[in-house]
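Engineer: My questions concern the predicted model and sequence given below.
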2 protein chains.
Amino acid sequence: MNLSTPLTRPSLHEELVTRLREAIVQGTLAPGAKVPERELCESLGVSRTPLREALKVMANEGLVVLESNRGARVSNVTMEELEAAFPVIAVLEGLAGELACARASDDEIARIALRHRDMFRHYEAGNRPAYFQANRDIHDALMAAARNPVLAQHYTMLSSRVERARLLANVSDSRWAEAVEEHHDILAALEARNGARLRDLLTAHLNNKLAALKKALS
Amino acid sequence: MNLSTPLTRPSLHEELVTRLREAIVQGTLAPGAKVPERELCESLGVSRTPLREALKVMANEGLVVLESNRGARVSNVTMEELEAAFPVIAVLEGLAGELACARASDDEIARIALRHRDMFRHYEAGNRPAYFQANRDIHDALMAAARNPVLAQHYTMLSSRVERARLLANVSDSRWAEAVEEHHDILAALEARNGARLRDLLTAHLNNKLAALKKALS
DNA sequence: ATGTTGAATTATGAATACAATTTGAAATGA
DNA sequence: TCATTTCAAATTGTATTCATAATTCAACAT
């Protein structure tokens, strides 16, 4: 048990941030939709104050935009934003990979390898949702293995902004095959603990993902 | 005049975030100090609501920590945090350099070069504050030249967290000389628009800075 | 019929009020 | 004297209120 943390129960606005973030990433709160303050207050059973605090935080992260005297809207997923965000995510993931090679336990690497095999199976079965989930798990596990909370924090912010793009367009089958290929290399570099190579592979992987999105959305 | 923007006056809490961030970076609000809510409200002439909204946002950025029922404290600058944050800043600056090489106007590069010459003069004169200022200007200008708002946003968050370290320890003269040397190379790579090289130089520059800080603080 | 005006309604931004928790010092006892 | 307990004051987290800006919609003019 952890006795160093002084037993701090999460504040209302933090829980709201978490739940709203999920709702936005999942698409329950659609991009561009205005956030109905009063309604949410009622359904969540809180007053406006903590909800509004949560909205300020999410606005700072770019998940919502605040229009003065007109309330909050879920931010739109634009091509411009994706083009800006992806290169940043790419270098962050690259760094995560590099650090993970240096710091991950053998056990962690084994677990990531296992998840890879799951993912490959989902690909063979053509099961996109399961593939996506496994893919996310892998990236999250890698981030955890990097043991850098600052990195993880910014990664979380950015991926929640971008994750929603998957709802906009399915990538082509050919890109899917390519991505799987890339993941074979990624796993190999991780298992070899080749940090520099894994970094470059991950950065390229993300940049390729952006290119594919661009194509799918044009 | 710009008529496309729908005439939006900045909200109170946003202004507060900006001002509090400055106060924290500048050291007016010292690391570890608790944020006196009532006092700040009076001196800033606002009520608690917008101030508290600002504090939530800054807590999300890591500039303050919220202790439940015990209010906000300015976060401490720990070695652990610096070790986590610097590598992230390093890759972000690297990306900024790479993008700047591709996107900066000749004019922008010329201005950055000019600011470099200022900075070199301040070094020769042994004027640390002026050197720091010029140094910051250079990094900010580079970031602006990268034309990536997402990158800039995260860079701002991170550097405000880390900037305060300069108040903790003066780097050694030998490291100072080294940093100046590195900046000569950085400028050269930028003027040659050699993106890959500038990226690597900047990343290394930041990582060296961390190493120097580690030495100075031990 | 279509477009415009303006009062009523609603929603928002900020201030204030209230309840719960923490703090700190006086009072008590060893 | 020193530790412990108790209780008031202060501070915080959340709810509510208030003033103002935006929206809606019916009445009117074109």
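Structural biologist: Yep, that arrived.
Engineer: going forward, measure contacts between C-alpha atoms and count neighbours the same way
Structural biologist: OK.
Engineer: what comes up buried for the helix or strand of chain A with the lowest mean pLDDT?
Structural biologist: Counting by mean pLDDT, DSSP states H and E, chain A has its least confident helix or strand at helix A:37-44, which shows a mean of 90. Within helix A:37-44, the residues that count as buried by 16 or more other CA atoms under 10 Å in any protein chain shown are residue A:41.
Engineer: quick check: domain ranges of chain A?
Structural biologist: Following automatic domain parsing, chain A resolves into domains at A:12-74, A:79-216.
Engineer: Reformat these as CSV; add distance to residue B:135.
Structural biologist: Listed next are the domains of chain A as CSV, based on distance: least, CA to CA, whole Å:
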stretch, distance to residue B:135
domain A:12-74, 27
domain A:79-216, 23
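Engineer: need the least confident one among those domains, by mean pLDDT.
Structural biologist: Per-stretch mean pLDDT for these is lowest at domain A:12-74 (a mean of 93).
Engineer: Now do the contacts for the residue in chain A that DNA strand D sits nearest to.
Structural biologist: Going by CA to the nearest atom of the strand, DNA strand D is nearest to residue A:47 of chain A, at 3.5 Å. Contacts for residue A:47 were tallied using CA atoms under 8 Å, 6 or more residues apart in numbering or on different chains; they are residue A:41.
Engineer: which non-adjacent residue is nearest residue A:118?
Structural biologist: The shortest distance from residue A:118 to any non-neighbouring residue, by CA to CA, 6 or more residues apart in numbering or on different chains, is to residue A:134 (7.0 Å).
Engineer: And that neighbour, how far from residue A:109?
Structural biologist: 15 Å (CA to CA, to the nearest Å).
Engineer: Convert the least confident helix or strand of chain A to PDB, retaining C-alpha atoms only.
Structural biologist: Taking C-alpha atoms only, helix A:37-44 is exported to PDB below (Å, rounded to 0.1, in the frame of the first residue of the first chain):
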ATOM      1  CA  GLU A  37     -24.200  23.200 -19.100                       C
ATOM      2  CA  ARG A  38     -27.500  22.900 -17.200                       C
ATOM      3  CA  GLU A  39     -28.300  19.600 -18.700                       C
ATOM      4  CA  LEU A  40     -25.000  18.000 -17.800                       C
ATOM      5  CA  CYS A  41     -25.200  19.400 -14.300                       C
ATOM      6  CA  GLU A  42     -28.500  17.600 -13.800                       C
ATOM      7  CA  SER A  43     -27.400  14.300 -15.300                       C
ATOM      8  CA  LEU A  44     -24.100  14.300 -13.400                       C
END
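Engineer: Next, see if the following helix or strand past that helix gets close to chain B.
Structural biologist: Counting by DSSP states H and E, the next helix or strand C-terminal to helix A:37-44 is helix A:48-61. Yes - residues of helix A:48-61 contacting chain B under CA under 8 Å from any CA of the partner chain: A:53-54, A:56-57, A:60.
Engineer: Now do helix A:48-61 against helix A:37-44, angle only.
Structural biologist: Angle, helix A:48-61 to helix A:37-44, by axes from the mean of the first three to the mean of the last three CA atoms, to 10 degrees: 110 degrees.
Engineer: name the helices or strands packed onto helix A:48-61?
Structural biologist: Using 3 or more CA pairs under 8 Å, 6 or more residues apart in numbering or on different chains; DSSP states H and E as the contact test, the elements touching helix A:48-61 are helix A:12-26, helix A:37-44, strand A:64-67, helix B:48-61.
Engineer: so what's residue A:123 up against?
Structural biologist: Applying CA under 8 Å, 6+ apart to residue A:123 gives the contacts A:131, A:180.
Engineer: Give the buried residues for the strand or helix carrying it.
Structural biologist: Element membership of residue A:123 [criterion: DSSP H and E] is helix A:106-124. Residues of helix A:106-124 classed as buried by neighbour count (16+ other CA under 10 Å): A:108-109, A:112-113, A:115-116, A:119-120, A:122-123.
Engineer: which parts of chain A sit against chain B?
Structural biologist: Counting by CA under 8 Å from any CA, the residues of chain A lying close to chain B are A:8-11, A:53-54, A:56-57, A:60, A:67-68, A:81, A:84-85, A:87-88, A:91-92, A:95, A:148-151, A:154.
Engineer: 7 Å instead?
Structural biologist: Neighbours of chain B within chain A, by CA under 7 Å from any CA of the partner chain: A:8, A:53, A:56-57, A:60, A:68, A:84-85, A:88, A:91, A:148-151.
Engineer: Return only those of those found close to DNA strand D.
Structural biologist: Among those, proximity to DNA strand D is found for residue A:68 (CA under 7 Å from any atom of the strand).
Engineer: so which of the domains of chain A comes closest to residue B:20?
Structural biologist: Evaluated with CA to CA, the domains of chain A place domain A:12-74 nearest to residue B:20, the distance being 14.8 Å.
Engineer: Quick one: end-to-end length of that closest one, please.
Structural biologist: This stretch, domain A:12-74, spans 20 Å end to end (CA to CA).
Engineer: can you list contacts of stretch A:186-193?
Structural biologist: A:101-102, A:109, A:113, A:197-198, A:201-202 (CA atoms under 7 Å, 6 or more residues apart in numbering or on different chains).
Engineer: okay, which residue is most central for chain A?
Structural biologist: Nearest to the mean C-alpha position of chain A, by CA atoms, centre = their mean, lies residue A:159 at 3.0 Å.
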